[in-house]
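Undergrad: Next comes the sequence, and after it the predicted model I'd like to discuss.
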Amino acid sequence: MEKKRNAAFWWLELLVKFGILTVGFLEASSLTFGKPIISLFLWPTVALGGILLIDRLIHWKWYWKSKNFFLLAAFCVSYVLSLLVNIRYGWYTNFRTLIWCAFLFFLVYCYKTDGQVQKNEKQFQILAVYYILMNAALSILSFYFMMTGYSQIYYQEVGPIYYIGFHWGRLYGAYWDANIGAVMCCVGILLSVGFFRINKSVVIRVLLVLNIALEIFYIAFSDSRTGQLCLCVGAALYVLLVVLQKKKRLVAVFCALIGLIIAFIIPVGIKKTYNVIAAMPKKVIVQDASAEDQSEGLVKEEQKEESKESEELQKEDTSENPKEPVQEVGRAEEYSGDITNRRSDIWKSAIEVFLTSPVVGVSHNNVLAYVYDNVPNSYLVTNDHMDFDSMHNVFFDILVGQGVIGLAIYLAMAVLSFITIVKNWSKILKNTSKMCVSYFVILMVMVTASFVMTEIVYVTSPMATIFWMCMSCLIQAASQSENKGVN
């Protein structure tokens, strides 16, 4: 009976995580962002997730020993405290965010402390395949939009401006934000590399290599510095960890540097090559309309003369009004005045807002309402672009939203998790598959991305879901004895 129950809930967990990932992809795509289709997956996922949360609350003894369990609970309590203190500015969106954070913490991350690592990892690998397929589909669609010239801009009364296709020297494609798309591609690359190492099928390996190439091309055409930074960090760290298993540290560091250089050169080389080709003059071929007429012998001399005159006029028009050149990839002008692309001003404003409520913060989703009421001269609402409700840095997001208490809890979780993984790395290598390297590198890549964008907490993005699943597999493997980790 117990085995049947465990099997049923294993599949239920997989279904809920599938729903969480799907909602994340729908939110990340410009084709479905803010559309009613999201609700078709969101509410069933919330309902099933609620059932799972209740079950885990009833059987709390199976999960409370998950590493950092009480810190995760404390982070949620801090969030609720901030919500209550600032409830006059709103509560509904904050409550929704709290539910999603609870899903990430207590459904995606928390694990049975007496369970086998392989069961958790098998679930993750199934979802990782789904992630790769969805990510590849969005990237292929992005290049399709670029090649066909399809593009749209959507201006919302509330929320960010988002794009479809190619705009401002970068490929947004099917992602509503090019930086989000580029980081998603970095995660897809790392998952593909992990599957390449554990799968011996030639066909699958070829498909994985093609997917890696596709995602690298998207990172290049997105002109996302965040994506390029994450790619470099991921390549260097992955090579370092793999080579360290067989070679000395000095050799591993040297190989990591080579990996970093290659990861930097490839996207830059792709962009420069494309721009050179795009800048080349295009030859205009004018077809002689009289050629076909001559073969038939049915056209009068006067008509021939008129066609020649019209052709001459066409040639003159072509020389006077040449075709508009293909738009190049790159945003050098955008950074000429501010290399941080407004982030430095946003971060300064974040500190200003934090100082007005340093202990419990202003609550995450009430930033704009609070700023208009208490810091009306803040750059967040006085700039010439848009109202910024995100600090484009998860640490500043937490500092503003939950104050010193929330940030202290978050940093404590981060440090303790990092120490646990590094200290027990040899145990992790024995208790998991070769994909554990990808798990750890994904964590580091996502932390890197979170310095310039909101990730890991508060968001529905598929990368956040992958982050907490990777953390779950690594911490469970690090915390268990070796005989439990192996079937």
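TA: Great, that's in hand. Numbers count the residues shown, from 1 in each chain.

Undergrad: ranges for the helices of the stretch 101-250 of the chain?
TA: 117-148, 178-198, 202-222, 225-244, 249-279 (DSSP state H, counting those that start in this stretch).

Undergrad: so who does Phe196 touch?
TA: Neighbour list for Phe196: Arg205, Leu208, Val209 [criterion: CB atoms under 8 Å, 6 or more residues apart in numbering]. Where C-beta positions appear, they are placed from N, C-alpha and C, glycine not excepted.

Undergrad: Where do the helices of the stretch 301-450 of the chain begin and end?
TA: 301-320, 343-356, 367-374, 379-382, 394-423, 425-431, 436-449.

Undergrad: do you know which of those lies nearest Val459?
TA: Of all those, helix 394-423 sits nearest to Val459, with 8.9 Å by CB to CB.

Undergrad: List the buried residues in that closest one.
TA: 394-403, 405-410, 413-414, 417, 420-421 (16 or more other CB atoms under 10 Å).

Undergrad: can you tell me which residues contact the residue sitting nearest the centre point of the chain?
TA: Centroid-nearest residue in the chain: Met184, 3.5 Å away (criterion: CA atoms, centre = their mean). Residues near Met184 by CB under 8 Å, 6+ apart: Ala28, Asn135, Leu138, Tyr175, Ser461, Pro462, Met463.

Undergrad: Let me know how buried Leu208 is, in neighbour terms.
TA: 21 (other CB atoms under 10 Å).

Undergrad: residues contacting Ala478?
TA: Ala478 touches Lys67, Thr420, Ile421, Lys423, Asn424, Trp425, Lys427, Ile428, counting by CB under 8 Å, 6+ apart.

Undergrad: quick one: which of these is nearest to Glu121?
TA: Ile428 (10.9 Å).

Undergrad: Would you check that that closest one makes contact with Leu474?
TA: Yes - look at Ile428 against Leu474 with CB atoms under 8 Å: they come within range, at 6.0 Å.

Undergrad: Overlap in contacts, the two.
TA: Shared contacts of Ile428 and Leu474, counting by CB under 8 Å, 6+ apart, come down to Ile421, Cys436, Phe440.

Undergrad: Verify the contact between the first one and Tyr439 for me.
TA: What it means is Ile421. No - contact between Ile421 and Tyr439 fails when scored by CB under 8 Å: they sit 9.1 Å apart.

Undergrad: which residues touch the nearest residue to Asp345 once chain neighbours are set aside?
TA: Spatial nearest neighbour of Asp345, excluding adjacent residues (CB to CB, 6 or more residues apart in numbering): Tyr379 at 4.7 Å. Tyr379 makes contact with Asp345, Ile346, Lys348, Ser349, Phe388 under the criterion CB under 8 Å, 6+ apart.

Undergrad: Same check on Ser479?
TA: Contacts of Ser479 by CB under 8 Å, 6+ apart are Lys67, Thr113, Thr420, Asn424.

Undergrad: Kindly provide the distance from Thr454 to Val206.
TA: Separation of Thr454 from Val206 (CB to CB, to the nearest Å): 36 Å.

Undergrad: the more surrounded of these two?
TA: Between Thr454 and Val206, Thr454 has the larger neighbour count (other CB under 10 Å), namely 22 against 11.

Undergrad: pLDDT below threshold where in the protein?
TA: 1, 115, 156-160, 282-326, 331-337, 481-487 (pLDDT under 70).

Undergrad: Report the buried residues of stretch 28-44.
TA: Ala28, Ser29, Ser30, Leu31, Thr32, Phe33, Ile38, Phe41, Leu42.

Undergrad: Name whatever forms a beta bridge with the second one.
TA: So the one you mean is Ser29. For Ser29, the beta-bridge partners are Tyr175 (DSSP bridges).

Undergrad: surely it meets Gly173?
TA: No - assessed by CB under 8 Å, Ser29 is found out of contact with Gly173, at 9.3 Å.

Undergrad: Could you double-check that Val52 sits in contact with Leu107?
TA: Val isn't right for residue 52; it's Leu. Yes - contact criterion CB under 8 Å: Leu52 and Leu107 qualify, at 5.6 Å.
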